[in-house]
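[1] Compute the structure for the input listed below.
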Amino acid sequence: MPNDRLRDGLLKRGLTPAALAGELGVDPKTVERWITQDRTPYPRYRHAIAALLREGESYLWPSALPAERAAQVSQSEIVHVYPRRGAVPQELWQRLLDGASRHIGILVYAGLFLPEQNPRWVPTLRAKAEAGAQVELLFGDPESQHVAQRGEDEGIGSAMASKVLNTLAFYKDLRGMDTVGIYFHDTILYNSIYRFDDELLVNTHLYGTPAAYAPVLHLRRLGGGELFDNYVSSFNRTISQARAVWPGD
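    Okay, the predicted model is just below:
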């Protein structure tokens with residue numbers, strides 16, 4: 001079976017097998033075998049390829065690491081666990097945003113606290129987008145049954161839908177930018193996900209508890225780890241089913 005994930009990763013980065021071979025200092029036929037015959041490269045090459053393609057080793061070669069080792073690496077991806085979102089230092093949110101240059105993603109129902117509490121948040125996002133970063137913002141569809149249910153679960157009723165609309169008002173300055181996508185999703189949101197290149201803040205959701213009082217995981221991507229990539233996959237599946245807030249922009 002061919003390694004379609006590796007092939008796709010090369011295409012996304014505009015790399016040919018010969019170009020990858022040149023980067024690694026190996027025979028182009030070796031790279032062809034990695035792709036067409038799903039041969040597994042030596043660890044030093046896997047690390048280099050994963051870094052070059054900005055993909056996880058566990059994604060490109062799911063069976064390359066023994067299960068026990070993969071679990072150990074995944075545990076090392078956990079930088080810190082906060083007992084509630086309110087315990088995450090305000091400066092950490094801004095530091096992660098300031099340090100991101102390639103990919104910024106937010107998956108929430110409303111996430112009003114970010115632009116409301118930090119006047120630098122939206123201007124920084126705009127500056128990042130202007131510099132070429134891909135910004136993807138996903139909010140709960142105000143007309144979604146899942147948004148309504150979340151409001152009921154938190155005891156605020158229809159106020160959740162209003163919070164979504166209030167949040168969008170803060171992001172109006174990002175409307176129409178080429179590298180910004182703003183979407184509505186209609187999914188049951190088990191976690192709010194905040195991505196800053198290779199770091200994530202994952203706000204878990206607890207039934208009947210506002211997100212501000214639920215735990216947050218700070219994750220940093222490691223080659224061979226699974227936690228980071230699993231949450232990013234969840235983000236990507238959600239965006240594949242989302243619709244643009246302002247169609248035509």
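
[2] What are the boundaries of the strands in the protein?
    With DSSP state E, the ranges of strands along the chain come out as 78-82, 103-107, 134-140, 180-185, 191-196, 199-204, 216-220, 243-244.

[3] and of the ones you listed, who's closest to N3?
    For these, the distance to N3 is smallest for strand 103-107, at 23.1 Å, taking CB to CB. For the C-beta atoms, the positions are set from N, CA and C on the backbone; glycine is no exception.

[4] helices and strands around the closest one, which ones?
    strand 134-140, strand 191-196, helix 227-240 (3 or more CB pairs under 8 Å, 6 or more residues apart in numbering; DSSP states H and E).

[5] Format the ones you listed as CSV; extra columns: mean neighbour count and distance to P43.
    Formatted as CSV, the entries for these read as follows, by neighbours: other CB atoms under 10 Å; distance: least, CB to CB, whole Å:
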stretch, mean neighbour count, distance to P43
strand 134-140, 22, 30
strand 191-196, 22, 26
helix 227-240, 17, 18
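
[6] will you turn the ones you listed into CSV that also has mean pLDDT and distance to E55?
    Formatted as CSV, the entries for these read as follows, by pLDDT from 0 to 100; distance: least, CB to CB, whole Å:
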stretch, mean pLDDT, distance to E55
strand 134-140, 96, 15
strand 191-196, 96, 14
helix 227-240, 90, 8
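
[7] Quick check: which of these is nearest to D173?
    For the helices and strands packed on strand 103-107, proximity to D173 was assessed by CB to CB; strand 134-140 is nearest, at 12.0 Å.

[8] before we move on, the earlier item: export the strands of the chain to CSV and tack on distance to F235?
    Formatted as CSV, the entries for the strands of the chain read as follows, by distance: least, CB to CB, whole Å:
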stretch, distance to F235
strand 78-82, 18
strand 103-107, 5
strand 134-140, 8
strand 180-185, 10
strand 191-196, 5
strand 199-204, 9
strand 216-220, 12
strand 243-244, 16
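
[9] which one of the helices and strands packed on strand 103-107 lies closest to D98?
    Counting by CB to CB, D98 lies closest to strand 191-196 out of the helices and strands packed on strand 103-107; the figure is 9.0 Å.

[10] Can you give me the distance of the residue nearest to S76 when sequence neighbours are not counted to I78?
    Here the nearest residue to S76 in space, its sequence neighbours aside, is L222; by CB to CB, 6 or more residues apart in numbering that works out to 5.8 Å. From L222 over to I78 the distance is 10 Å, taken as CB to CB, to the nearest Å.

[11] Between the two, which is the more surrounded one?
    Remark: of L222 and I78, L222 carries more neighbours, 20 against 14, as counted by other CB atoms under 10 Å.

[12] ok, now how distant is that one from S63?
    The value you get for L222 to S63, if CB to CB is used, is 18 Å.

[13] circling back: just put the helices and strands packed on strand 103-107 in CSV and tack on distance to R95.
    Rendered in CSV, the data for those read as follows (distance: least, CB to CB, whole Å):
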stretch, distance to R95
strand 134-140, 17
strand 191-196, 9
helix 227-240, 18
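
[14] Can you list the low-confidence ranges for this protein?
    In the prediction, the chain carries residues with pLDDT under 70 at positions 65-74, 156-157, 223-224, 247-249.

[15] Helices of that one, residue ranges please.
    4-12, 17-24, 28-36, 43-53, 57-60, 67-76, 90-99, 113-117, 121-130, 145-154, 159-170, 227-240 (DSSP state H).
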